[in-house]
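Chemist: 3D, please:
(chains A and B)
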There are 2 protein chains.
Amino acid sequence: SSRGRASVKHTDSDSITVKVTPRVCCSICSDTKLKDPFSLAQKDLQNLYEDIKKQLLVSKAELKALCDYYFDGKGKAFRPMIVILMARACNVHSNKEGVLLPAQRSIAMISEMIHTASLVHDDVIDDSDTRRGKNTINQVWGERKAILAGDFILSAASMALARIGNTTVVSVLSQVIEDLVRGEFMQLGSKENENERFKHYLEKTFKKTASLIANSCKAVSILVNSDPEVHEIAYQYGRNVGIAFQLVDDILDFTSSAKRLGKPSAADLRLGLATGPVLFACQQFPELHAMIMRRFSSDGDVDRAWQYVLKSDGVEQTNYLAQHYCQEAIHQISRLRPSTERDALIQLTELVLRRDK
Amino acid sequence: SSRGRASVKHTDSDSITVKVTPRVCCSICSDTKLKDPFSLAQKDLQNLYEDIKKQLLVSKAELKALCDYYFDGKGKAFRPMIVILMARACNVHSNKEGVLLPAQRSIAMISEMIHTASLVHDDVIDDSDTRRGKNTINQVWGERKAILAGDFILSAASMALARIGNTTVVSVLSQVIEDLVRGEFMQLGSKENENERFKHYLEKTFKKTASLIANSCKAVSILVNSDPEVHEIAYQYGRNVGIAFQLVDDILDFTSSAKRLGKPSAADLRLGLATGPVLFACQQFPELHAMIMRRFSSDGDVDRAWQYVLKSDGVEQTNYLAQHYCQEAIHQISRLRPSTERDALIQLTELVLRRDK
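Modeler: As a prediction, this is how the structure comes out:
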């Protein structure tokens, strides 16, 4: 990404042409007004993966390789980035403008560790082969070691959390770990009633994705001792962005090809999961109901369901819903005092909606 | 178990015969002098499993059944019992004689939850069918749900821990969770060098069994703000008793029949694990070395190794080693001020050595 840059070009005449390269946000969106959230957080995120690997101290070389596997620096660091920006935006409210507390950076790190630990176990549970374009840990080292690696990363995250030494923050992030498991469990069940099914889906989405972002945002606010109202804004921003992020993820599972996403698409259908696009499609094509109930387990269900979704406005509707959550996130964060980071968090909602991988 | 009881029997003459029923410790041992540690802790342990189940609040009936499965009140509650007695013994040092802090009882509860969560994952990793005479969770509900149940119990334990609101205690028990995983990982490897193998075995034993007991004992001492020296005594007692407990467990795997133990015996050999009795036997019968290295994976290895162990003095030597650790535990705990609970903890080392299931 590049900030606005003016290049001065001398011509053979005396007149000078000033050519302004528009300041573009980043490769994903083309907003020219705001600063790219990723580059704004970049400095604080430097060596994040190195620091995570330092938390995963193990003498056994193999365990080390396993635990480090996803911390290869190729992740988007989406969660840590939000956490960093939120920390700096909240700090303005406590006369700590321009400061990032070491404990706040630890939360950014811990959020990525908790996220990764849950991915490792999810991949065992789903028997997934690929993740971020790599083979999964369970695929390379087997299930047993993958279970242990997930446990280990999570315990290292708990240790790092304990070292921060703030009991409220410990509670807030322990809640996340519980939510992640509850969300994964909710995913195992199918709901008969359609209304209940949608509520169930959004609750699962909160627990599996948004709780981590919401509570990490809340934690960095708590750490700087800001107003409880600020904690709530931070939490609500994270909750809404988190749900929108997952809704877009669920859309991409239908619209993105396997190569771009780094994982096979229609993966959710193959796992028996009915996400937003299918649930909306079911309102237009009630034939989907039976397939949802049997978790797309009959021959040809996955392909048929996929076709119904593409014929329906399920993707569009899910996108509208994601937009709604982003608007609410913007509404919340706008209540904070102005700061570059606050504006970057507003900008981030655009990235969430526009991302295509 | 019964405390000393005198029954007065009137005879037809004027003489009165006083018949004293000796105060026996419990069904396992027959020491007549000391109070049975289990009955001494009984009152504090009342409703322990009910209280644990209250921590595992889930709306989903199936998840509830799964998470409650091992908290059926049929466990020995060995860890909570030690924790309760240690708490009361430490409290004497802080002029809190006769008191048990609610947070200390929480530690007793949390210790059982962490222990159980680790069993649930271990059973998935080892593909075990039975545990405590019941089918394992992975056997009844499958691996996926067993992984989640373990994660859920552990997260509930972390939540309960966070609620205590003492950051040192959070650190101390987070260390346990890390040790449990490291210990399980160590178990996957074989060491070539015999000396290194023994050191490796004892380190694994500390991490997999003793760390939880040692650090829970330390935590209840910290909670009453006793002297750091008392924390260290509590920790060392737990460490030594914990190692002895596991050594005896490893002996029972060779000497107890499947029915008594509630799990198939020689289970360790079948899992490829060389425990104390085999490692000692290998000093007498170097033929065992190759079998240890291939983790008893060739046809007939398990039976052959078993025979060598029974021919050797491996069981006896392991028992000596367990006695040594118990003596050290007694040495440590004797440094505490006198109390019924302190004496019960001394007595407990006898139970650890004499138990046959």
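
Chemist: any idea how far A:Gln317 lies from chain B?
Modeler: Distance, A:Gln317 to chain B, by C-beta to the nearest C-beta, to the nearest Å: 28 Å. Quick note: C-beta positions are derived from backbone N, CA and C, even for glycine.

Chemist: who touches that residue in this structure?
Modeler: A:276-277, A:280 (C-beta atoms under 8 Å, 6 or more residues apart in numbering or on different chains).

Chemist: A:Asn166: neighbour count?
Modeler: Number of residues near A:Asn166 (other C-beta atoms under 10 Å in any protein chain shown) recorded here: 16.

Chemist: now swap in A:Val170 and tell me
Modeler: By other C-beta under 10 Å, the residues close to A:Val170 number 26.

Chemist: correct me, but it touches A:Ala162?
Modeler: Yes - the criterion here is C-beta atoms under 8 Å, and A:Val170 meets it with A:Ala162 at 6.6 Å.

Chemist: give me the common contacts of these two.
Modeler: By C-beta under 8 Å, 6+ apart, A:Val170 and A:Ala162 have these common neighbours: B:167, B:170.

Chemist: circling back to that earlier point, which ones among the contacts of A:Gln317 come in contact with chain B?
Modeler: Near chain B, judged by C-beta under 8 Å from any C-beta of the partner chain, there are no entries from the contacts of A:Gln317.

Chemist: tell me the one of these nearest chain B?
Modeler: Of all the contacts of A:Gln317, chain B sits closest to A:Gly276, with 21.6 Å by C-beta to the nearest C-beta.

Chemist: counting neighbours, what do you get for that closest one?
Modeler: For A:Gly276, the count of nearby residues is 28 (other C-beta under 10 Å).

Chemist: same thing with A:Ala290?
Modeler: A:Ala290: 11 surrounding residues under other C-beta under 10 Å.

Chemist: take the contacts of A:Gln317 and lay them out in a markdown table including pLDDT and distance to A:Tyr308.
Modeler: Output for these, formatted as a markdown table (pLDDT from 0 to 100; distance: C-beta to C-beta, whole Å):
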| residue | pLDDT | distance to A:Tyr308 |
| --- | --- | --- |
| A:Gly276 | 96 | 14 |
| A:Pro277 | 96 | 10 |
| A:Phe280 | 96 | 11 |
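
Chemist: how about the nearest residue to A:Leu269, chain neighbours excluded?
Modeler: In space, and not counting its chain neighbours, A:Leu269 is closest to A:Val302: 4.6 Å by C-beta to C-beta, 6 or more residues apart in numbering or on different chains.

Chemist: before we move on, the earlier item: now flag whichever of the contacts of A:Gln317 is closest to B:Ile251.
Modeler: Of all those, B:Ile251 sits closest to A:Gly276, with 56.9 Å by C-beta to C-beta.

Chemist: thought the closest one was touching A:Thr318?
Modeler: Yes - A:Gly276 is within contact range of A:Thr318, at 3.7 Å (criterion: C-beta under 8 Å).

Chemist: anything in contact with each of those two?
Modeler: Common contact partners of A:Gly276 and A:Thr318 (C-beta under 8 Å, 6+ apart): A:247, A:250-251.

Chemist: which of these sits closest to B:Pro37?
Modeler: Taking C-beta to C-beta as the measure, B:Pro37 sits nearest to A:Asp250 out of the shared contacts of A:Gly276 and A:Thr318, at 54.9 Å.

Chemist: quick one: neighbours of the closest one, just the number.
Modeler: For A:Asp250, using other C-beta under 10 Å, the count is 25.

Chemist: how about the one 3 residues further on?
Modeler: By the measure other C-beta under 10 Å, the count of residues near A:Asp253 is 24.

Chemist: I figured it was touching A:Ala274, is that so?
Modeler: No - judged on C-beta under 8 Å, A:Asp253 makes no contact with A:Ala274 at a distance of 11.5 Å.

Chemist: any shared contact partners between the two?
Modeler: Taking C-beta under 8 Å, 6+ apart as the criterion, A:Asp253 and A:Ala274 both touch A:Asp268.

Chemist: contacting residues for the closest residue in space to A:Asp301 that isn't next to it in sequence?
Modeler: Nearest residue to A:Asp301, sequence neighbours excluded (C-beta to C-beta, 6+ apart): A:Met291, at 5.0 Å. Counting by C-beta under 8 Å, 6+ apart, A:Met291 makes contact with A:298, A:301, A:304-305.

Chemist: which of those fall in helices?
Modeler: Among these, the members found in helices (DSSP state H) are A:301, A:304-305.

Chemist: can you tell me which of these has the most neighbours?
Modeler: Per-residue neighbour counts (other C-beta under 10 Å) across the ones in helices among the contacts of A:Met291 peak at A:Ala305, which has 25 neighbours.

Chemist: and that residue, how far from chain B?
Modeler: Noted for A:Ala305: a distance of 22 Å to chain B, by C-beta to the nearest C-beta.

Chemist: ok, now A:Gln327?
Modeler: Here A:Gln327 is placed at a distance of 30 Å from chain B (C-beta to the nearest C-beta).

Chemist: just A:Asp72 next, same as before
Modeler: For A:Asp72, the distance to chain B equals 21 Å [C-beta to the nearest C-beta].

Chemist: name the nearest residue to that residue, sequence neighbours excluded.
Modeler: Nearest-residue entry for A:Asp72: A:Tyr49, 7.1 Å, with adjacent residues in sequence omitted and distances by C-beta to C-beta, 6+ apart.

Chemist: can you count the residues close to A:Thr275?
Modeler: A:Thr275 has 24 nearby residues by other C-beta under 10 Å.

Chemist: and the closest residue to it other than its chain neighbours, what element?
Modeler: Of all residues not flanking A:Thr275 in the chain, A:Asp250 sits nearest, at 3.7 Å (C-beta to C-beta, 6+ apart). Counting by DSSP states H and E, the element that carries A:Asp250 is helix A:228-255.

Chemist: for that helix, packing partners?
Modeler: Helices and strands touching helix A:228-255, by 3 or more C-beta pairs under 8 Å, 6 or more residues apart in numbering or on different chains; DSSP states H and E, are helix A:78-91, helix A:194-205, helix A:211-223, helix A:267-270, helix A:276-284, helix A:301-311, helix A:314-333, helix A:340-354.

Chemist: and the helix or strand harbouring A:Gly183, which residues are buried?
Modeler: Assigned by DSSP H and E, A:Gly183 falls within helix A:167-186. Judged by neighbour count using 16 or more other C-beta atoms under 10 Å in any protein chain shown, the buried positions of helix A:167-186 are A:167, A:169-186.

Chemist: check stretch A:44-64 too.
Modeler: For stretch A:44-64, using 16+ other C-beta under 10 Å, the buried residues are A:44-45, A:48-49, A:51-53, A:55-56, A:58, A:63.

Chemist: so of those residues, which ones are in helices?
Modeler: A:44-45, A:48-49, A:51-53, A:55, A:63.

Chemist: between these, which is nearest chain B?
Modeler: Here the nearest of these to chain B, counting by C-beta to the nearest C-beta, is A:Leu63; it sits at 5.1 Å.

Chemist: quick check: mean pLDDT across stretch A:42-50?
Modeler: Averaging pLDDT along stretch A:42-50 yields 93.

Chemist: can you list contacts of that stretch?
Modeler: Stretch A:42-50 is contacted by residues A:71-73, A:75, A:77, A:80-81, A:84, A:88, A:100, A:105, A:108-109, A:112 when judged by C-beta under 8 Å, 6+ apart.

Chemist: go with 10 Å
Modeler: Residues outside stretch A:42-50 that contact it (C-beta atoms under 10 Å, 6 or more residues apart in numbering or on different chains) are A:1, A:36, A:38, A:41, A:51, A:53-54, A:68, A:70-75, A:77, A:80-81, A:83-85, A:87-88, A:100, A:104-105, A:108-109, A:112.

Chemist: look up the pLDDT of the closest residue to A:Pro277 other than its chain neighbours for me, please.
Modeler: Once flanking residues are discounted, A:Pro277 sits nearest to A:Gly314: 3.8 Å by C-beta to C-beta, 6+ apart. pLDDT, A:Gly314: 96.
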